[in-house]
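Colleague: coordinates for the following, if possible.
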Amino acid sequence: MFKPILLTLALGAFAMASTAQKKKSSKSAPVPVAVVKKTDSVPGAPKAYKDVITAKAKTSVGMINVHQIGLKYYFEIPDTILGREMLVVNRISKSAAGPRPQMMGYAGDGIAENVVSFEKGPNDRILLRLNSFNERSADSTSNGLYKSVRNSNIQPIVASFQVKAYGGDSSSVKSSVIEITDFMNTENEIFFFSASTKGLLGVGGIQADKSYITSVSAFAKNVEVRTVRTYSRGPVGGQPNNSTIPVTYELNSSMVLLPKVPMKARYADARVGYFARGYTDFDGDAQGVKQSAVIVRWRLEPKDEDIEKYKRGELVEPKKPIVYYIDPATPKKWVPYLIAGVNDWQKAFEQAGFKNAIVALPAPTNDPSWSIDDATHSAIVYKPSSVANASGPNVHDPRSGEIIESHINWYHNIMQLLRNWYMIQAGPLDARARKPKFDDALMGELIRFVSSHEVGHTLGLLHNFGSSSTVPVEKLRDKAFVEAHGHTPSIMDYARFNYVAQPEDGISEKGIFPRIGDYDKWAIQFGYRWMPEFKTAEDETPYLNKLIIDSLSSNKRLFFGGENLYTDPRSQSEDMGDNAMKASAYGIKNLKRVVPNLITWNREPNEGYEKAGEMYKEVIKQYTLYLGHVIRNFAGNYTTFKSVEQPGGLLAPVPYATQKEAMKFINDQFFNTPTWLINKQISDVTGANPVNTIGNLQYVVLMRMMGSDIFVKMINREATDPVKNYTVMEYLKDLKMGVWGELYKHQPIDIYRRNLQQIYISNAIKTFVATTEIVMTNQLGGINIYMNPDVTKSDGASIMRAHLISLKTDIKKAIPVATGLTKLHLQEMVRKIDVGLVPKTLVTPTP
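Modeller: Model (predicted):
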């Protein structure tokens, strides 16, 4: 389709998993018939099978038979496996003690993925190739591009093995025996750490005398390699290393046989949020190349006997359901809630025609063949970590996007994050949130919602930050509506809890908690509906395009807004409703209820006031989120992806009236000092300084509002858009009236406003500096990192110069009637403007 959303293969950002439990490995197997190939006296030439795989061998039978003789390990590779692609998934089984970067380096973490294949080489050798699928052509006709693409993309040979013996005869599958001991004992990126992961974790060179193979086991479709590996210690996350003590890891490598015929792919579409695998497609455009992408998803198909039922619209069970196992290390009281979070997705899959398509189970006990590290098992992995987060990566077949397995990471301290969110956002609504330690039932339900969200990622779904923007703000206070439909149509949104609802609305947790909603069910339908009537992904495209157009036109709640649309105020993290100003005003009303109760709600016997101080900081964070949601409207664009069959354009400017409403909000709720944050009782017991607290907020907000990013966009829009625009001149006039209002009323200026005005002048002067700033606004509605354009290359500098000259005139008029600190402050502001307006000249030293 168009505008594919590409999957970034960063560490910790894969997603999902397979459910098939591997068959138990055999401890012994019949010895194959003697070699087919003659041996000779050439050094290294293959020997008779029985002379290599002796009676002392311990054999594990599977897709590749594994033989252990003493400390040596052999792969017996059948000819039927040669040329077949295998996915190698490497994980940490037991992590090294010591420092590690946040959210990386724990047991269960993936450390590398590779697709490899074995093939016969010359002189009785087996070659191991590393395969890539970044450039493709399926046209293998005589004049097709398949051969040319292959000729220009020879896959690297990463290892070469001498054949020790040949097995099989005319009545059995022929095979080649190679020894893998040395390869597994040396450092390589195929079976162990990728180079980038080693750098992040501070893993240095391998110490061979302290490293060894623990086991190698074969199964029907996979081989599992477990090793203990010791490395010299390097800098962790770029930090200096002051220790020579090595680090030891236990690692697990899974070689998983990929399907001989890849699953039929489904093309990504920017209107439905799926992770996707991108590639250069030489078949996609007859007169060029096309950048294509396929979504990542599980393979769900009806059982053969149920195909006709499925076609008639009856719900059927899939051939192979999606199964997640719960890590045995998980605290037992949370297991039922994690299971419920997975099973909640069953309703969504019913919209795709499948019942019981997804299920969570406790991990098998007393089964030595089952391992949580096995890449044929999906699991929710418990991490005893101080990290306050969770993540849902997946492992998939790069050829088709078929998800093979997923290890969801649940870090122990996510519970602290949930507690903080719920107390601050829902404390006025739910009495259960008004104490330092929540009851298990409440915490369990909070864990359930996080579980559902992360499972959504492992099903292929991206964040949908735009979903909550489809709900009118006043509907969020409608008890009947919000309890029936939820406060956002997608659990993949970052709309945590319904902070718009007010205590008098009487809304229960059904209208406060996130849940799987309309968008999630529709997205699962788009990705998982089995469509045998179409032979290829290309054949599906017209049907899917029409499905999207028809669905969106009939139900606006199905809108998808990606997390990278930094100029679209509809697609924001942690926001809610279709109007940021109205929603934030309600949120602030609730924060005003929270602040006076922080000490009471966080009181614990025999403890100090640390929790009250921590939660006061959480109030500040929540308040800055609200401000950030509003600021996104200035010079913003609504981004709506469309195909050519849909009317209208991709971009639409935020209306003039909405931007004016945003400015009024900032003036009322922020430039007018938020005195509700000034609480002497909290300051007395926590040491919080309200002047510094508000001053820090003022700095962050004005940095964003006076950044060249907004100025340049406004200037460009005024030149290109004929509709009524919020111009830079009017924007600065409104900004001045909000920050400098005392000048025109001849009022004294208190310390908070003096600080605000100091920051204003400093930011205005930056407009004359020819730099491109990197701005990080994680305190203003999500982590947004972007480049502020060089404003001196636009009209911004000249406009700001005129603005400061005008402001200086107004300040000078107010000075004669001012007194005390106000007078001194205004005189200093005139001096700062004069200094800022003086051109900076390069002084050439006198010879």
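
Colleague: can we go C-alpha only for contacts and neighbour counts from here?
Modeller: Will do.

Colleague: for the stretch 1-150 of the chain, what spans make up the helices?
Modeller: For the stretch 1-150 of the chain, the helices defined by DSSP state H, counting those that start in this stretch cover 49-52, 146-151.

Colleague: for the first one, packing partners?
Modeller: Packed against helix 49-52 by the contact rule (3 or more Cα pairs under 8 Å, 6 or more residues apart in numbering; DSSP states H and E) you find strand 157-167.

Colleague: how about the backbone phi and psi for residue 410?
Modeller: Phi and psi for residue 410, reported as degrees, to the nearest 10, are phi -120, psi 110.

Colleague: could you dump stretch 516-534 to PDB, C-alpha only?
Modeller: This file holds the C-alpha atoms of stretch 516-534, laid out as PDB (Å, rounded to 0.1, in the frame of the first residue of the first chain):
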ATOM      1  CA  ILE A 516      -9.300  -3.000  24.500                       C
ATOM      2  CA  GLY A 517     -11.600  -0.900  22.400                       C
ATOM      3  CA  ASP A 518     -13.100  -0.400  18.900                       C
ATOM      4  CA  TYR A 519      -9.800   0.500  17.200                       C
ATOM      5  CA  ASP A 520      -7.900  -2.500  18.700                       C
ATOM      6  CA  LYS A 521     -10.600  -4.900  17.400                       C
ATOM      7  CA  TRP A 522     -10.600  -3.300  14.000                       C
ATOM      8  CA  ALA A 523      -6.800  -3.300  13.800                       C
ATOM      9  CA  ILE A 524      -6.800  -7.000  14.600                       C
ATOM     10  CA  GLN A 525      -9.400  -7.600  11.900                       C
ATOM     11  CA  PHE A 526      -7.200  -5.700   9.400                       C
ATOM     12  CA  GLY A 527      -4.100  -7.700  10.300                       C
ATOM     13  CA  TYR A 528      -5.500 -11.200  11.100                       C
ATOM     14  CA  ARG A 529      -8.500 -11.800   8.900                       C
ATOM     15  CA  TRP A 530      -7.600 -14.900   6.800                       C
ATOM     16  CA  MET A 531      -8.200 -14.200   3.200                       C
ATOM     17  CA  PRO A 532      -7.600 -17.300   1.100                       C
ATOM     18  CA  GLU A 533      -9.400 -15.700  -1.900                       C
ATOM     19  CA  PHE A 534      -6.300 -13.600  -2.600                       C
END
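
Colleague: which residues does it contact?
Modeller: 266, 272-273, 295, 297-301, 344-345, 347-349, 351-353, 452, 461, 467, 485-486, 488-492, 540, 544, 557-559 (Cα atoms under 8 Å, 6 or more residues apart in numbering).

Colleague: narrow those to those in helices?
Modeller: Within the contacts of stretch 516-534, residues falling in helices by DSSP state H are 347-349, 452, 485, 540, 544.

Colleague: can I get the residues you listed in CSV including pLDDT and distance to residue 471?
Modeller: Converted to CSV, the ones in helices among the contacts of stretch 516-534 look like this (pLDDT from 0 to 100; distance: Cα to Cα, whole Å):
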residue, pLDDT, distance to residue 471
347, 97, 22
348, 98, 20
349, 98, 24
452, 96, 21
485, 96, 10
540, 96, 31
544, 97, 26
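
Colleague: relative to residue 504, which of the residues you listed is nearest.
Modeller: Nearest to residue 504, judged by Cα to Cα, of the ones in helices among the contacts of stretch 516-534 is residue 485 at 19.7 Å.

Colleague: next up, the contacts around that closest one.
Modeller: Listed by Cα under 8 Å, 6+ apart, the contact set of residue 485 reads 511, 517.

Colleague: equivalent analysis for residue 468, please.
Modeller: Contact analysis of residue 468 by Cα under 8 Å, 6+ apart lists 487-490, 493, 495, 570, 575-578.

Colleague: the spatially closest residue to residue 322 that is not a sequence neighbour: neighbour count?
Modeller: Nearest-residue entry for residue 322: residue 358, 4.6 Å, with adjacent residues in sequence omitted and distances by Cα to Cα, 6 or more residues apart in numbering. Neighbour count for residue 358, taken as other Cα atoms under 10 Å: 22.

Colleague: how about residue 122?
Modeller: Applying other Cα under 10 Å, we find 8 residues neighbouring residue 122.

Colleague: got the domain ranges for the protein?
Modeller: Domains of the chain are assigned by automatic domain parsing as 49-257, 304-625, 626-837.

Colleague: and those: which comes nearest residue 277?
Modeller: Of all the domains of the chain, it is domain 304-625 that lies closest to residue 277, at 6.5 Å by Cα to Cα.

Colleague: any of the contacts of residue 468 buried? List them.
Modeller: Those of the contacts of residue 468 that meet the buried threshold are 487-490, 493, 495, 570, 575-578, by 16 or more other Cα atoms under 10 Å.

Colleague: could you pull out the helices for the stretch 701-847 of the chain?
Modeller: Taking DSSP H, counting those that start in this stretch as the test, the helices found in the stretch 701-847 of the chain are 708-720, 728-739, 742-745, 751-766, 796-814, 820-837.

Colleague: give me the contact list for the longest one.
Modeller: Here helix 796-814 makes contact (Cα under 8 Å, 6+ apart) with 708, 711-712, 715, 728-729, 732, 736, 743-744, 746, 764, 767-768, 791, 826-827, 830, 833, 837.

Colleague: now stretch 211-221
Modeller: Stretch 211-221 is contacted from outside by 22-25, 60-66, 73, 184-185, 223-230, 256-257, using Cα under 8 Å, 6+ apart.
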